[in-house]
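Asker: sequence and predicted structure, then a few things I'm wondering about:
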Amino acid sequence: MSISGKGFETRKDLDLFNSLFAELSQIITEEKTLLDSQWKNPKHLAQGELLPQIREQKQKLSGLKSRLIDLSRNLIQKAMPIIDNLSENLGSRVRGEYCRGIPLRYYATPLGTGNSDARYSLEGIRSLYLAEWEQAVMFERRLTGLKASPPHVHFWIEVKLNNILDLTSERTLRESGIEAEKDLLLMEWESIQDICKENAFTQLLGARVYELGYEGISFWSVRHPETKNIVVFPDNLSAGSLVEVFDPTGEYSNNRISIEDNMKCLRRDK
Amino acid sequence: MTNLANDLSPLIKEGGKYDFDKYVALTGLKKSELKEITGLTELRSDRPLSQDNRNKLRSLTKILTYLIYEFQGNEEAVSHWIHSPRSQWFGDSPLDLMQRKDFETVENYLKRHCEPDMNMIKG
């Protein structure tokens, strides 16, 4: 089913959003340079010599911010029919090895899942994010921008899923109606959530995909384009699907997620 | 600033007189910034902390503690992060958000990225 061309295409707004966002990023880079120079030069810091320039940059940012917030809200509203009309018959199979990075202190439970929000998940939905390549895992950790970070460990995970929504497939994009709006998948979900105080398009899409019973979503990494990421919804795994730590030594043989393991957990919880 | 939580927690709990300069030293913020974020002023330093002041200081402490862990005790890096505008926030810096009393957004951001839920890939 293709639903593009039915009046909720967002190309114009998206183009404007991208151009304003590029302008904003440029101003941020300039402001960061000013801040850096202020930090590195105690005289500047003490005398506040750069304050007028920083203030001017902040004013420019503030104007752009309001426009970006309005545009983001419009875009999500216009794209909602795509989510509402999503079909449950677009599932694909995925087989392969994916990488998972976790802080060293959690090395004993590499498949531990969180309930917090992320690009394709809303708070309360168990989700497990994996990447096709190790480099992508490192790019995703972008909080600090520093070379150093607390110790992390990478695991390779064997994935066999029978029913995922593959957003890296042109056919799925076309049939789901997402193709015309696929740039929405690349938007900064944290801007929408943290600043607009709304759920991002990808989060709403993820929640719908979860609701329709898909086991996960395959999508292109925003931080490391050309790399596929997968979000797995462990609670939706069906018979024959499996997510397991790759470990020939057998030390991690209990670290897997399947419908049988989910059932065991349910029985234990009761 | 490294032992911030240990140093600051008793002060927040006591509810007795507060030492504005000590907070400034512990948090590494400028006086004007601390005033805007917490509502504390040097003039009222003979009064006990109000519940509102305590809550704000508690949130600030939590945020700084996350950052100190993430930046491995590098105070300059912590301060830089707090002051730097972020494109994900359409140009707002963490300081901007805290000055608007939106501690929750900064806290949630750090929780998401500083690992407690173990979802290191956020897309």
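Answerer: Noted; the coordinates are in hand. Numbers count the residues shown, from 1 in each chain, chains lettered A, B, ... in the order given.

Asker: quick one: A:L75 and A:L204 touch, right?
Answerer: No: when contacts are counted by Cβ atoms under 8 Å, A:L75 is not listed as touching A:L204 (11.8 Å). Where you see a C-beta, it was placed from the backbone N, CA and C, and this is true even at glycine.

Asker: just after the helix ranked longest in chain B, pick out the following helix or strand.
Answerer: Taking DSSP state H as the criterion, chain B has its longest helix at helix B:51-70. Per DSSP states H and E, the first helix or strand lying C-terminal to helix B:51-70 is helix B:75-83.

Asker: and that next one with helix B:51-70, angle?
Answerer: Helix B:75-83 runs at 120 degrees relative to helix B:51-70, counting by axes from the mean of the first three to the mean of the last three Cα atoms, to 10 degrees.

Asker: for chain B, what helix or strand is lowest in average pLDDT?
Answerer: None of the helices or strands of chain B scores lower by mean pLDDT, DSSP states H and E than helix B:4-14, at a mean of 64.

Asker: which of the residues in the helix or strand hosting B:L26 are buried?
Answerer: B:L26 is part of helix B:20-27 when elements are defined by DSSP H and E. Neighbour-count burial for helix B:20-27 flags B:20, B:23-24, B:26-27 (criterion: 16 or more other Cβ atoms under 10 Å in any protein chain shown).

Asker: A:R105: neighbour count?
Answerer: Neighbour count for A:R105, taken as other Cβ atoms under 10 Å in any protein chain shown: 12.

Asker: cool, and A:K40?
Answerer: Residues near A:K40, counting by other Cβ under 10 Å: 9.

Asker: just checking, A:L212 touches A:E88?
Answerer: Yes: assessed by Cβ under 8 Å, A:L212 is found in contact with A:E88 at 4.3 Å.

Asker: which of the two has more neighbours?
Answerer: Neighbours around A:L212 and A:E88, counted as other Cβ under 10 Å, are more numerous at A:L212. The numbers are 16 against 13.

Asker: ok, now which ones touch that one?
Answerer: A:86-88 (Cβ atoms under 8 Å, 6 or more residues apart in numbering or on different chains).

Asker: how near is the spatially most central residue of chain B to B:Y69?
Answerer: Nearest to the geometric centre of chain B sits B:L60, at 2.6 Å (Cα atoms, centre = their mean). Distance, B:L60 to B:Y69, by Cβ to Cβ, to the nearest Å: 15 Å.

Asker: also B:S79?
Answerer: 15 Å.

Asker: who has more neighbours out of the two?
Answerer: B:S79 (20 against 13).

Asker: C-terminal to the longest strand seen in chain A, what's the next element?
Answerer: Among the segments of chain A that qualify as a strand by DSSP state E, the longest is strand A:152-166. Later in the chain than strand A:152-166, the nearest helix or strand by DSSP H and E is helix A:170-176.

Asker: can I get that following helix in CSV? Just the C-alpha atoms.
Answerer: Provided in CSV are the C-alpha atoms of helix A:170-176 (Å, rounded to 0.1, in the frame of the first residue of the first chain):
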residue,chain,number,x,y,z
GLU,A,170,13.2,0.5,-0.3
ARG,A,171,10.3,-1.8,-0.8
THR,A,172,9.2,-1.5,2.8
LEU,A,173,9.5,2.2,2.7
ARG,A,174,7.4,2.4,-0.4
GLU,A,175,4.7,0.0,0.8
SER,A,176,4.5,1.7,4.2
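
Asker: so what's the backbone phi/psi at A:G112?
Answerer: phi -60, psi 130 (degrees, to the nearest 10).

Asker: mind listing what the residue most central in space within chain A touches?
Answerer: Geometric centre of chain A, nearest residue: A:R119, 2.9 Å, by Cα atoms, centre = their mean. Residues near A:R119 by Cβ under 8 Å, 6+ apart: A:189, A:200, A:202-203, A:206, A:219, A:222, A:231, B:122-123.

Asker: shaky segments in the chain?
Answerer: Defaulting to chain A. Residue ranges of chain A with pLDDT under 70: A:1-9, A:42-50, A:114, A:141-150, A:262-270.

Asker: nope, chain B
Answerer: B:1-18, B:43-46, B:114-123.

Asker: show me the strands in the stretch 151-270 of chain A, by range?
Answerer: For the stretch 151-270 of chain A, strands defined by DSSP state E, counting those that start in this stretch occupy the ranges A:152-166, A:216-220, A:228-232, A:242-245, A:256-258.
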